[in-house]
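S.K.: Kindly generate the corresponding structure for this input.
(one chain, ligands or ions: 5)
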Amino acid sequence: MKSYHLVLILLSFFFLHSTSSNLQQTPFIPCLQAKIGPLDSILYVPSDPSYIPILQEYIKNSRFNTTTTPKPNFIVTPHTGAHVQAIIICAKANNLQIKIRSGGHDYDGVSYTSIEPNFIVLDMFNFRNISVDVGSRIAYVQAGAQVGELYYHIWKASKVLGFPGGVCPTMGVGGHISGGGYGAMLRKFGLSVDNVVDAELVDVNGRLLNRKSMGEDLFWAIRGGGGGSFGVILSYTVKLVDVPEIVTVFRIEKLLEENATYLVNRWQYVAPIIDNHLFIRLLVQPITRKPYGKTIRASFIALFLGNAQELLGVTNNEFPELGLKKTDIREMSWIESVLYWANFDNNTSPEILLNRHLDTVGFVKRKSDYFQTPIPKTGLDSIFKKMIELGKVGFAWNPYGGVMTQIPASTTPFPHRAGFLWKMQYSINWKDGGVETEKNYLNQIRSLYDFMTPYASNSPRGTFLNYRDLDIGVNHNGANSYEEGKVYGEKYFLGNFDRLVEIKTVVDPQNFFRNEQSIPILK
Ligand SMILES: Cc1cc2nc3c(=O)[nH]c(=O)nc-3n(C[C@H](O)[C@H](O)[C@H](O)COP(=O)(O)OP(=O)(O)OC[C@H]3O[C@@H](n4cnc5c(N)ncnc54)[C@H](O)[C@@H]3O)c2cc1C
Ligand SMILES: *[C@@H]1O[C@H](CO)[C@@H](O)[C@H](O)[C@H]1NC(C)=O
Ligand SMILES: *[C@@H]1O[C@H](CO)[C@@H](O)[C@H](O)[C@H]1NC(C)=O
Ligand SMILES: *[C@@H]1O[C@H](CO)[C@@H](O)[C@H](O)[C@H]1NC(C)=O
Ligand SMILES: *[C@@H]1O[C@H](CO)[C@@H](O)[C@H](O)[C@H]1NC(C)=O
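M.R.: Ligands and ions are numbered 1, 2, ... in the order given. Have a look, this model is predicted:
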């Protein structure tokens, strides 16, 4: 028994050593060549002049854009499903960890960095076909397409159809939908994953599957259980939803000195139960404003699926404290509201959504919490005081309720449904790199997170998978530990975690598809 173990240990040392020192000699490249042929514009090694530009093109957080950020042994950019199949088979044969990237928006860089020494990035940017079928009210969208491109093509095809996805137009469909994407139509139509009807995926054995051939368990898992644990998603087929020809938006800002705390307090009671055509996001930000000095600004930003008059009817009845007036609000088309939410100037043409590099990127950290009870007024006072003291961390509060309360928590892996009043994002952005700077900003956001403990959901404290946060737990050593996986897994998935583990154990028993926060296998 003992000598058997020793041989294994020696073998694994030899294997690790040989793969890390003789990368170019590993069979990965010849394996791919044998299956695909010439690898021009498919494979990039670190010595290629285009390796760094290709890697950087979809890095959306400057924190992971440094010379010391761990980089992949290879980048592969498949053009077809057959390429993806070959890549999986060859990577698996070589025990190379695969990081899958669609839009690169992962807040902690999980799609293109790794804690494992040997990994490759499989970048899906060539997969961006979209087709919209107005008659059957569905759209086929490939994983590397961006949600802004999807919205644009839906709008081109119909002015009264839309899709309930997220706000930032450059997010990749592959990560966004697999992580349970949400946006301003959440209260009326639910999450993106509540509107997915089919998918194409390449599994660990290199099989190209659709809903029928993958089966309902795996199809369930990739609607919120996170891409990267189960296979490579090539496309989703989504159900489109009815949007009115005219929608209405508003933005109202109040400082502490203008009774902001009173309104924030009211928002907690009203926003999660108001008419489900109305979504009022609340941004809370520490700012400096004359003559008050340091204060807090609360911004109420809304999308209403109806016209101005209907909106005023709703707010006058259900949220009169907001004091909404005709002059505060604007009617527009749904696609214009997409641009409005993405902070474009008035009259920006929807064609801008076809520009895949719209975003300005910097250094960011995000965290999240869910709330099951309103924060008492005294709590709000102390939180705002703390935010002013810290100086830089802001909040985005997104109301739930509406249809979210009607969809059972086990329908998809995304568990925060009935009983969750809102989700909160913590955000901090900065412009200059450097270890000390980063430490200071990370300390700020972590300190506010600790401060919120008495108010946030607990046992376990909920977290939103799409707001990736490696602070809540990481799976080390080949991502194989069920115990480590449970720490973050229950925060993201609550009672759905165990079903995800069971499915993972069946479809990928060797844990080939793994990352810092992937679903572990049962041991
Ligand atoms: C500016 C900004 C705004 C945001 N706004 C919202 C919002 O309004 N609503 C919301 O829900 N979220 C929002 N997010 C979060 C966003 O949904 C997630 O970051 C999402 O994972 C992004 O998808 P991606 O393809 O761009 O990311 P990537 O970084 O490419 O991937 C994210 C994760 O998914 C995996 N993955 C990616 N593609 C595939 C694939 N094809 N197959 C299998 N696994 C895959 C990756 O390996 C990684 O684990 C925002 C993020 C940013 C940066
Ligand atoms: C990454 O660095 C390059 C320069 O090396 C720069 O052009 C690019 O904008 C950076 N991207 C991010 C997200 O910081
Ligand atoms: C996208 O569609 C075009 C035209 O039908 C096709 O040639 C191409 O192979 C498709 N790309 C992918 C990645 O499926
Ligand atoms: C804030 O507004 C509410 C409702 O309009 C009002 O009752 C309250 O007195 C106001 N408080 C302050 C400090 O102005
Ligand atoms: C956009 O339109 C609104 C309402 O018509 C107006 O109040 C606002 O000033 C406009 N903004 C810009 C930048 O033109």
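S.K.: So which residues on the stretch 351-500 of the chain come close to ligand 1?
M.R.: residue 466 (Cβ under 6 Å from any ligand atom). Every C-beta, even on glycine, is put in place using the N, C-alpha and C of the backbone.
S.K.: For the residue nearest the centre of the chain, which residues are in contact?
M.R.: Closest residue to the average C-alpha location of the chain: residue 466 at 2.8 Å, with Cα atoms, centre = their mean. Going by Cβ atoms under 8 Å, 6 or more residues apart in numbering, residue 466 touches 166, 175-176, 179-182.
S.K.: In ChimeraX, how would I select just the buried ones from these?
M.R.: Applying 16 or more other Cβ atoms under 10 Å to the contacts of residue 466, the buried members can be selected in ChimeraX as follows:
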select :166,175,176,179,180,181,182
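S.K.: Can you tell me which of the contacts of residue 466 is closest to ligand 5?
M.R.: residue 166 (23.2 Å; Cβ to the nearest ligand atom).
S.K.: Residue 428 versus the residue of the stretch 1-150 of the chain found nearest ligand 2, what's the distance?
M.R.: Minimum separation of the stretch 1-150 of the chain from ligand 2 (Cβ to the nearest ligand atom) falls at residue 62, amounting to 3.3 Å. According to Cβ to Cβ, to the nearest Å, residue 62 and residue 428 sit 13 Å apart.
S.K.: ok, now residue 197?
M.R.: Taken as Cβ to Cβ, the span from residue 197 to residue 428 is 38 Å.
S.K.: Neighbour count for these two, which is higher?
M.R.: residue 428 (21 against 13; other Cβ atoms under 10 Å).
S.K.: Quick check: what element follows the helix or strand hosting that one along the chain?
M.R.: Assigned by DSSP states H and E, residue 428 belongs to strand 422-430. Note on strand 422-430: by DSSP H and E, the next helix or strand toward the C-terminus is helix 435-451.
S.K.: elements contacting that following helix?
M.R.: strand 363-371, helix 377-390, strand 422-430 (3 or more Cβ pairs under 8 Å, 6 or more residues apart in numbering; DSSP states H and E).
S.K.: hang on, residue 403 packs against residue 190?
M.R.: Yes. In this structure, residue 403 is within contact of residue 190 by Cβ atoms under 8 Å, at 5.1 Å.
S.K.: higher neighbour count, those two?
M.R.: With neighbours defined as other Cβ under 10 Å, residue 403 and residue 190 compare such that residue 190 has more, 23 against 18.
S.K.: Check the more buried one and give its pLDDT.
M.R.: Note on residue 190: pLDDT of 98.
S.K.: show me what contacts whichever residue of the chain sits closest to ligand 3?
M.R.: Scanning the chain for the residue nearest ligand 3 gives residue 129, at 3.7 Å (criterion: Cβ to the nearest ligand atom). By Cβ under 8 Å, 6+ apart, residue 129 lies in contact with 140-142, 145, 235.
S.K.: Next, give me the two most distant ones among those.
M.R.: Farthest apart among the contacts of residue 129 by Cβ to Cβ are 140 and 145. That separation is 9.8 Å.
S.K.: So which of these two has more stuff around it?
M.R.: Counted by other Cβ under 10 Å, residue 140 and residue 145 do not tie: residue 145 has more neighbours, with 26 against 16.
S.K.: Quick check: closest non-adjacent residue to residue 405.
M.R.: residue 418 (4.3 Å; Cβ to Cβ, 6 or more residues apart in numbering).
S.K.: what about residue 432, neighbour count?
M.R.: 9.
S.K.: now swap in the one 3 residues further on and tell me
M.R.: Residues lying near residue 435 (other Cβ under 10 Å) number 9.
S.K.: wait, doesn't residue 476 sit right on residue 484?
M.R.: Yes. Residue 476 lies in contact with residue 484 (Cβ under 8 Å); the separation is 6.6 Å.
S.K.: the more surrounded of those two?
M.R.: residue 484 (18 against 11).
S.K.: Got phi/psi on the residue in the stretch 301-450 of the chain that ligand 2 sits nearest to?
M.R.: Closest to ligand 2 within the stretch 301-450 of the chain is residue 361: 3.8 Å, counting by Cβ to the nearest ligand atom. Recorded main-chain torsions at residue 361 are phi -110, psi 150, according to degrees, to the nearest 10.
S.K.: Which residue is the nearest non-sequential neighbour of it?
M.R.: residue 60 (5.3 Å).
S.K.: how about the residues of the stretch 1-150 of the chain near ligand 1?
M.R.: 60, 99-107, 110-111, 124, 143.
S.K.: restrict those to those near ligand 5?
M.R.: Residues of those in contact with ligand 5 (Cβ under 6 Å from any ligand atom): none.
S.K.: Low-confidence stretches in the stretch 1-150 of the chain?
M.R.: Judged against pLDDT under 70, the low-scoring parts of the stretch 1-150 of the chain cover residues 1-26.
S.K.: can you map out the helices along it?
M.R.: 2-21, 28-36, 51-57, 81-93, 147-157 (DSSP state H, counting those that start in this stretch).
S.K.: Pull the residues that contact the third one.
M.R.: When contacts are defined by Cβ under 8 Å, 6+ apart, helix 51-57 is touched by residues 44-45, 65, 71-72, 75, 77, 104, 112, 121, 123, 125.
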